[in-house]
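J.: Okay, structure incoming, though there's no sequence with it:
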């Protein structure tokens, strides 16, 4: 179900990258302001640089690139889940391949902090699910 909602979300990001970029910049600005109020001067300066780098990289082109990468990942994950549901072991390996795409592609194609955030967001829950799926490999053929 997550892959289906992910496909929908990523397709919206692909068709409206300008709106998504604006919303993302607003969100990071709000988080930065909250951290500025709570942190010390040294922490604030370091976090300010990181957040400014992210805000600068939040462009329509990067939003489109990340949406395409995540659409590929979500499609691979959905097909892999279908194969695993039918007890086919190759679905697990396809799922791992999808995780590799979601991790490596943003780092290589977007780069910087934006690439790191996109990569981590894509694989965070997927690694947990891959571990759970690995426990059931013995039941797959």
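T.: Nice, thanks for sending it over. Please read all numbers here as calculations on a predicted model, not as lab measurements.
J.: In this structure residue 134 contacts residue 92, no?
T.: Yes: Residue 134 is within contact range of residue 92, at 7.2 Å (criterion: CB atoms under 8 Å). Any C-beta I mention is one placed from the backbone N, CA and C, and that applies to glycine too.
J.: With neighbour numbers in mind, choose between the two.
T.: Taking neighbours as other CB atoms under 10 Å, residue 134 and residue 92 compare with residue 92 leading, 19 against 12.
J.: Tell me which helix or strand the more buried one sits in.
T.: helix 90-109 (DSSP states H and E).
J.: So which elements touch that helix?
T.: helix 60-85, helix 112-134 (3 or more CB pairs under 8 Å, 6 or more residues apart in numbering; DSSP states H and E).
J.: Please name whichever of those helices is nearest to residue 14.
T.: Closest to residue 14 of the helices and strands packed on helix 90-109 is helix 60-85 (CB to CB; 4.0 Å).
J.: From the contact counts, what lies against the closest one?
T.: Right, helix 60-85 is packed against helix 2-15, helix 17-38, helix 90-109, helix 112-134 by 3+ CB pairs under 8 Å, 6+ apart.
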